[in-house]
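Peer 1: Okay, here's the prediction I keep looking at, along with the sequence it came from:
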Amino acid sequence: MITVPGNAEGPHDVTVRPFRCWSPSCRRCGPIVGAQDLARLSPAIEGRSWVYCVATLGPRELARGRGRARVRAARARREWLERVEPVIGAAPPIVRERLVAGGPWVFSTELAGDTERDERRRWLTAAREVEPPPRGARLSPNAYHVAATAWTDSFLRRCRHRWGALEHVVTWEAQRSGMPHANILLRGPGLTAELAELEVREGVAKGNGRRRRVARYAPELRSLMRRWAIASGFGRVFWCEIGEAGGPALALYVAKLARELICPSAKGQAPTNRPRGFRRYSTSKGLLEVRHWPKATPVPCPVDGCEELPPCGAWHARNLRPHLEHAHGWSAEAARRYVWVRTFEHPTAAVRVLERAPDELADDDVAEVVAKLGTGGWADGRGTAIAAAIRDGDGSPTRIRETPEP
């Protein structure tokens with residue numbers, strides 16, 4: 001992959017590196033992203049006491065959750081129609097019927113001629129321009145979206161209503177049947193205070209042979225959270241125990257998390273069948289360190305005399321916002337607005353992906369690609385000048401090796 005930044009001034013600003021999609025589901029990039037995730041999750045989990053829960057999803061619960069999602073989708077679409085129709089006119093009858101019934105956005109044309117089909121298409125195009133159609137995880141019948149909605153909309157709300165502010169870590173895994181289940185860690189002052197007043201017992205955790213271990217749990221708390229999980233939309237198979245700092249429960253959790261993030265094929269519980277955009281884990285705000293994302297746009301700190309060193313060597317669009325809030329007292333909206341404006345002011349980079357190894361690209365090949373990028377990317381001919389400098393030997397592109405040579 002050849003990258004030419006929008007503010008490139010010479011050949012050294014041109015980078016040649018192996019292409020990385022940075023997707024956690026990629027066979028090549030997944031272990032790298034998983035190692036970064038583990039480096040952020042482990043310090044936040046270890047050294048603290050948590051309540052560890054496992055909530056599952058069964059076929060019956062999935063069917064009920066999908067029914068609720070269809071109801072929410074039909075309600076959202078009716079409200080969308082009420083806002084759109086006064087602007088562009090009434091929707092065709094079949095469009096209204098399928099929207100209200102929760103049908104797909106791409107409509108069948110078997111029962112309609114070309115004229116009616118074109119009419120529906122024109123109406124939908126105009127409606128999307130007025131206001132985007134309703135969409136989101138709460139309206140999706142996907143099993144992972146159903147389980148995530150049960151967690152965020154009901155189970156987590158019940159916990160916060162009883163115990164107040166809570167820190168949480170939720171990781172998703174797939175069962176053998178492909179159904180998702182959630183590994184949940186919870187901690188907070190209210191939960192800790194109530195747990196101190198409850199009876200705590202010890203029992204053998206589920207497992208076979210050497211995997212058996214002693215687990216500490218509060219029967220009253222386990223019964224209460226199991227009822228909440230079932231009422232929220234999860235299945236009847238539920239587990240709850242106390243994970244003490246340095247105890248076997250958290251050690252097993254972190255070890256399993258490391259295996260699933262870095263080597264997902266070892267146990268086969270990685271959620272590879274999750275929908276596009278669904279995160280493998282989620283945490284409460286501020287619990288994890290900001291990720292050093294290689295694609296982040298560099299944004300400088302606007303405060304004069306700031307002495308705090310940026311993490312990973314540079315301020316960028318992902319780590320500057322929390323820095324402005326915590327170190328300089330900016331409001332969340334002001335920090336977000338500053339990062340947003342400066343990100344779009346940054347010159348756009350030109351990228352070309354070639355199906356060749358970086359070592360196979362000579363400097364003349366790189367110069368040819370940069371010259372083609374420069375003809376359409378910069379009006380001042382900067383790309384052409386950089387390409388000429390590379391050909392003349394005035395400079396060489398920066399070559400990044402992500403794997404050591406044997």
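Peer 2: Okay, I see it.
Peer 1: quick one: Val51 and Ala218, what's the gap?
Peer 2: For Val51, the distance to Ala218 under the criterion CB to CB, to the nearest Å works out to 9 Å. From N, CA and C alone the C-beta is placed, and that goes for glycine too.
Peer 1: shared neighbours of these two, anything?
Peer 2: Taking CB atoms under 8 Å, 6 or more residues apart in numbering as the contact criterion, the common neighbours of Val51 and Ala218 are Leu195, Ile242.
Peer 1: Those two: which has the busier surroundings?
Peer 2: For Val51 versus Ala218, the count of surrounding residues by other CB atoms under 10 Å is larger for Val51: 25 against 21.
Peer 1: contacting residues for that one?
Peer 2: Residues in contact with Val51, defined by CB under 8 Å, 6+ apart, are Leu185, Leu186, Arg187, Leu191, Leu195, Leu221, Cys240, Glu241, Ile242, Gly243.
Peer 1: Can you give the strand pairings for the one helix or strand the second one maps to, parallel or anti for each?
Peer 2: With secondary structure defined by DSSP states H and E, Leu186 is part of strand 180-187. Each strand that strand 180-187 pairs with, and the sense of that pairing, follows from DSSP bridges: strand 50-55 (antiparallel), strand 167-174 (antiparallel).
Peer 1: what element comes up after it heading to the C-terminus?
Peer 2: helix 189-197.
Peer 1: For that next one, enumerate the helices and strands it packs against.
Peer 2: Judged by 3 or more CB pairs under 8 Å, 6 or more residues apart in numbering; DSSP states H and E, helix 189-197 is in contact with helix 156-163.
Peer 1: Can you name every helix or strand that the helix it packs on contacts?
Peer 2: helix 189-197, helix 219-232.
Peer 1: and it, average pLDDT?
Peer 2: Averaging the model's pLDDT scores along helix 156-163 yields 95.
Peer 1: Buried residues in it, which are they?
Peer 2: Residues of helix 156-163 classed as buried: Leu156, Arg158, Cys159, Trp163 (neighbour count, 16 or more other CB atoms under 10 Å).
Peer 1: So Asn273, which state does it fall into?
Peer 2: Assigned with DSSP: H, G, I helix; E, B strand; the rest coil, Asn273 falls in the coil class.
Peer 1: Spatially, which residue comes closest to it, not counting chain neighbours?
Peer 2: What sits nearest to Asn273 in space, not counting adjacent residues and going by CB to CB, 6 or more residues apart in numbering, is Gly178, at 5.6 Å.
Peer 1: Would you enumerate the residues in contact with Glu355?
Peer 2: Glu355 is in contact with no residue at all, counting by CB under 8 Å, 6+ apart.
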